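Student: Next come a sequence and a model predicted from it.
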Amino acid sequence: MQQGICVVAIGGNAILSETDQGTIDEQIENIRLVCRKIVGLIQQGYQVIVTHGNGPQVGQTLLRHKLSAGIVSEGTLDACGAETQGLLGYLIQQVLRNELDKAGLALEVAAVVTQVLVDKEDQAFRQPTKPIGPFYSKTEAEEISRKYDRKMIEDSGRGYRIVVPSPLPVDIVEKNTILALLKSGNVVIAAGGGGIPVVRQANGLTGIAAVIDKDAASSLLARMVGADYLLLLTGVEKVCINYRQPDERQLDYLPVGQAEQYLAAGQFPEGSMAPKIRAAVEFVRFGGKKAIITTLNNICAALQGKTGTAIGLSDQPAGPGFPDGTAEKPAAEPGVMEA
């Protein structure tokens, strides 16, 4: 039974955690755990597009480039994004196909190297805010900032990270290719790391030094292919307000209006939950049936309304998981294709 199109956005830290050394074998093992959960969704009847982060991987690539400066040429930030998108796409594609074979599912898996258009006048280029790469102590961060001229910020109490420009995604360049693959019954991996940032010049597209937020790009892609569901995976089972405070409260359901109020009040940190909330709000405002924020282990149960935090248009959910039809589906975003 077809359940609809589901975009599953996996964080880069799910593939390369803070405690990992960064080896390919470690990443393959982490990806295997992810892919087994995705196979579960496919077995339930969902068509799946997988997106993924690459923050830790890009950070390591940049560090390797700096350490090898003077020996080999240093890569640009967009090229680093392309490099890690290609590597992770290959690993996910291979592991997911193997897991599908084990489950007896004869499906093709296609990884699309994805360019994402941004506005070269976006203020993000003047005010870098996107944390990438590993976490450092304050002393290490000061040394990296001084030695390599990198802006560093403290990220959600977990340490210091490099920050780079993070412009808003405007268009998915390969959207028609992704939609065609999906309509042919393929499992698609796309927009890895938020996509490779490009701008439109007089002579065509060209890469630019930035990292696009993976959740924002996933939301845009989901809207453009007419996805029904957007799953934003993170390290907590449910969204919380007053996080890690004595009056912390988990949220089962979050109307978009309330979500925007919490964002304005600073309830969600910019380095972690805020981008996911914005992505979810944009998705349901422009036609998505359901956006859910939860952990990898809970994705199947979350789509059944048993856990996770669901974001919707109505003030109250209609029932478990607020079944399809809770709110009237609004008109599609201008320029968005319907599947």
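Tutor: Looks like it came in fine.

Student: all helices for the stretch 1-150 of the chain, in order.
Tutor: Applying DSSP state H, counting those that start in this stretch to the stretch 1-150 of the chain gives helices spanning 12-15, 24-43, 55-67, 77-102, 138-148.

Student: now for the ones you listed, which one comes closest to Ser218?
Tutor: helix 12-15 (12.5 Å; C-beta to C-beta). C-betas here are computed from N, CA, C, even on glycine.

Student: In a markdown table, list the helices of the stretch 1-150 of the chain along with mean pLDDT and distance to Thr129.
Tutor: Formatted as a markdown table, these follow (pLDDT from 0 to 100; distance: least, C-beta to C-beta, whole Å):
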| stretch | mean pLDDT | distance to Thr129 |
| --- | --- | --- |
| helix 12-15 | 75 | 17 |
| helix 24-43 | 92 | 27 |
| helix 55-67 | 78 | 13 |
| helix 77-102 | 95 | 14 |
| helix 138-148 | 87 | 16 |
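
Student: right, and the ones you listed - which one's nearest Lys306?
Tutor: So among these, helix 24-43 is nearest, using C-beta to C-beta, at 13.6 Å.

Student: What residues sit buried inside the closest one?
Tutor: 27, 30-31, 34-35, 37-42 (16 or more other C-beta atoms under 10 Å).

Student: Which of those sits closest to Asn203?
Tutor: Gln27 (36.8 Å).

Student: Thought Gln94 was touching the closest one, still the case?
Tutor: No. Gln27 is not in contact with Gln94 according to C-beta atoms under 8 Å; the separation is 11.5 Å.

Student: JSON lines for the buried residues of helix 24-43, including distance to Tyr136?
Tutor: Below are the buried residues of helix 24-43 laid out as JSON lines (distance: C-beta to C-beta, whole Å):
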{"residue": "Gln27", "distance to Tyr136": "21"}
{"residue": "Asn30", "distance to Tyr136": "22"}
{"residue": "Ile31", "distance to Tyr136": "26"}
{"residue": "Val34", "distance to Tyr136": "26"}
{"residue": "Cys35", "distance to Tyr136": "31"}
{"residue": "Lys37", "distance to Tyr136": "31"}
{"residue": "Ile38", "distance to Tyr136": "32"}
{"residue": "Val39", "distance to Tyr136": "36"}
{"residue": "Gly40", "distance to Tyr136": "36"}
{"residue": "Leu41", "distance to Tyr136": "36"}
{"residue": "Ile42", "distance to Tyr136": "39"}
